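Q: Take this sequence and fold it.
(2 chains, ligands or ions: 1)
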Amino acid sequence: MTDLSRLSNSFLPDFSHIYVEEGAKDFPMAKDILKRLPNAEVIPVQDYKSVFNRSGQDFQAQKKSMKLILALKKDGFLYKATDVVQDAGFQNFYYTTPMLNCLYNCRYCFLQGMYPSANLVVFVNDSDFFDAARRELDSRAVKDEPLLLSISYSTDLLAFENIVPWTRKWIDFCKTNPDLMLEIRTKSALFSAIDDVRPVDNIILAWTLSPNIIANAYEWDAPPLARRLKAVKEAIAKGWKVRLCLDPVIPIPDWEHVYAEFIQMISKEIPAEGIRDITVGTFRMGRDFFKRARKRLPPSDVYYQDYEDRDGVISLPKNESAAIAEKIKGQLTDIIDENKISIWN
Amino acid sequence: MESKKPVLIITALKSEAKPLIEHYDLKSDTESQFRVYQKDSITLLICGLGKQKASESVSEFLQEFPTDYLLVNVGIAGGNPETTKIGELYLIQKITDEHTKREWFPDVLLKHGLKTSELTTVDTAVTNGSAGFKNLVDMEASALFEAGIKCIPAHRMVFLKIVSDAMDEAAFSGIDVSALIEDKISEIDSIIQIYQNADVWNSPILNDGERENLSAGTRTMKLTATQGEELKILAEGKKIKSGDLTDLWPKMEFQSQSKKERNDRFEQIKQFLSS
Ligand code: SF4
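A: Numbering: from 1, shown residues only, chains lettered A, B, ... in the order given. Model (predicted):
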């Protein structure tokens, strides 16, 4: 008889189960993923939404043993970006969602409010995404500007590269489509997964960095700052000019001092000539996502600050977020030209 | 010591329940309208055979006793002899309702050490062989899941099925249901203990006493529903940040004589909670 008592309070490893949508299983990307996770239990499903969108899921409980869902995306391959996403002045700005949900569990992340599940969906019909991107490139509104595409909107795509090489696929696509500009935003330390890619101007590698105290308290399961910095330095050593994202800046007690030390550390660790630009932002989230995210247990103090509702977006009061951003900007001008700093608040 | 987490065991038949009643020394609640047995943290409900009885019984029970349960369905099932073995216990990872074709998924988050299977819930017993059913069949699981998920999250719904027959007529008469369950009682008990001890229960931000105080204060002050909701969120925030709400309650013992007075007092409390 199995001695089950020794299993007390131990969670199954992430991806112990893979739900595979009918129709998805024969796609090369699905086969490849299933090969990489040979011990997973494979459960066929008619439609991925019957697993992902079902009621009665507990987001934070599921985070302790995330499952994978392989599916086909049927429509909505590229979305026009909304106000909450940074556009850096680009008019043809889109995002795409080759995966839903993230390996990490940042307490301020809108995904907790956006999706009913913490399980990760990987869409495996990659060529449909690229066909849609080609169509959008051809029909983009402002022809003399590139089409800026954020591929890490609903996930941290690079973090997942060892299981699903979606980032590399987008990079390969981008190399043959010079009118496309790709933003790959990440907190991962996995630059090694793409370190053979030759740096090109139309691919932006962007790392979100936070002071250690913030990363530890709010960026659960993401690599600690030191490992992110190491990845940034590796990228720069390979010739990339990286974007740094200080977003969201969280005004914890003594934040000015915390961020001043943090920025000093960045200036020591990262060679200025390797920085393409820096974006700075404060917390903001769509009202409906915010309300849902606040209900997730265990609770986070992120959802209990004095925010204001600006046209459906919950954020710090305008003057407060502007003051924070200005302060940070002032400190960053020691590292980089002012015109390479963009503010989002 | 923290009390054990509440468990609701559901069986369709008395013969499935019998070994569990004996093992946990459960006592019949003769006052109850339900066929229910109970002791300490364990409650056992016999829901009756088939989807309709399962659905009605569980829905009504959970409506009357909305407790943060671990729901464990224990029962026998027919098994395809090619994929399952008579007498074996399986933890179910997917339930398909044969009639509606709807699929249900208990979230399996904890290590359990059991064999796993998919299950089809049928409307009438299958006695003409397992053709068309790749794994297990029963007559209640989809209805239990559908009724249970309205109150209990998917990661605290556990379906344990013991194979009693190979879905053929001949085998049906001689099944000793109680003996099959009895034989697996220690595995069933281990699963229950694993879940009871695991970090799969959430505590709400405000405890029962704090929620009661807040409602009482809201009534005393005659706050509007919107004001009451705003106050609840602010109180949650205060509790998260300072861990304590004892200074709030005296401020809410205030019967206002006018709307203005109430609104002024409400603003003062808001300021206190935001500080
Ligand atoms: S890394 Fe980004 S997508 Fe992932 S949890 Fe954190 S904020 Fe959300």
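
Q: Tell me the residues of the stretch 1-150 of chain B that contact the ligand?
A: The stretch 1-150 of chain B has no residues near the ligand, with proximity defined as C-beta under 6 Å from any ligand atom. (C-beta placed from N, C-alpha, C; glycine too.)

Q: measure the closest residue to A:Gly113 other than its chain neighbours to A:Asn119 for me?
A: Leaving out its chain neighbours, the residue that sits closest to A:Gly113 by C-beta to C-beta, 6 or more residues apart in numbering or on different chains is A:Phe289, at 3.1 Å. A:Phe289 sits 18 Å away from A:Asn119, taking C-beta to C-beta, to the nearest Å as the criterion.

Q: how about the strands of the stretch 1-150 of chain A, start to end?
A: Along the stretch 1-150 of chain A, counting by DSSP state E, counting those that start in this stretch, strands occupy A:17-21, A:41-45, A:68-71, A:78-80, A:93-96, A:99-100, A:105-106, A:120-123, A:147-150.

Q: What strands flank the second one, and is each parallel or antiparallel?
A: What it means is strand A:41-45. In the sheet, strand A:41-45 lines up against strand A:17-21 (parallel) (DSSP bridges).

Q: Kindly state the domain boundaries assigned to chain B.
A: Using automatic domain parsing, the domains assigned to chain B come out as B:7-196, B:208-274.

Q: between those domains, which gets nearest to A:Cys106?
A: domain B:208-274 (17.3 Å; C-beta to C-beta).

Q: Which one's more surrounded, A:Phe289 and A:Asn119?
A: Neighbours around A:Phe289 and A:Asn119, counted as other C-beta atoms under 10 Å in any protein chain shown, are more numerous at A:Asn119. The numbers are 27 against 19.

Q: give the contact list for the more buried one.
A: A:19, A:51-52, A:62, A:66-69, A:101 (C-beta atoms under 8 Å, 6 or more residues apart in numbering or on different chains).

Q: List just the nearest of those to B:Ala131.
A: Ranked by distance to B:Ala131 (C-beta to C-beta), the contacts of A:Asn119 are led by A:Tyr19 at 26.0 Å.

Q: Model confidence score at that closest one, please.
A: Looking at A:Tyr19, its pLDDT stands at 98.

Q: Return the set of residues that bridge with the residue lying closest to B:Ile21 once chain neighbours are set aside.
A: Counting by C-beta to C-beta, 6+ apart, B:Ile21 lies nearest to B:Tyr37, which is 5.2 Å off, once chain neighbours are set aside. Note on B:Tyr37: beta-bridge partners B:Ser28, B:Leu44, judged by DSSP bridges.

Q: rewinding a little: generate JSON lines for the domains of chain B, with mean pLDDT and mean neighbour count as supplementary columns.
A: Listed next are the domains of chain B as JSON lines, based on pLDDT from 0 to 100; neighbours: other C-beta atoms under 10 Å in any protein chain shown:
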{"stretch": "domain B:7-196", "mean pLDDT": "95", "mean neighbour count": "19"}
{"stretch": "domain B:208-274", "mean pLDDT": "93", "mean neighbour count": "15"}
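
Q: Relative to A:Asp47, which of these is closest?
A: So among the domains of chain B, domain B:7-196 is nearest, using C-beta to C-beta, at 8.6 Å.

Q: roughly how far is that closest one from the heart of the chain?
A: Domain B:7-196 has its C-alpha centroid displaced from the chain centroid by 12 Å (C-alpha atoms, centre = their mean, to the nearest Å).

Q: which stretch among the strands of the stretch 1-150 of chain A comes nearest the ligand?
A: strand A:105-106 (3.2 Å; C-beta to the nearest ligand atom).

Q: Which strands and helices lie in contact with that closest one?
A: Judged by 3 or more C-beta pairs under 8 Å, 6 or more residues apart in numbering or on different chains; DSSP states H and E, the packing partners of strand A:105-106 are strand A:219-220.

Q: Which helix or strand lies directly C-terminal to the strand it packs on?
A: helix A:225-237 (DSSP states H and E).

Q: nearest to chain B, of the contacts of A:Asn119?
A: Closest approach between these and chain B, by C-beta to the nearest C-beta: A:Val51, at 5.5 Å.
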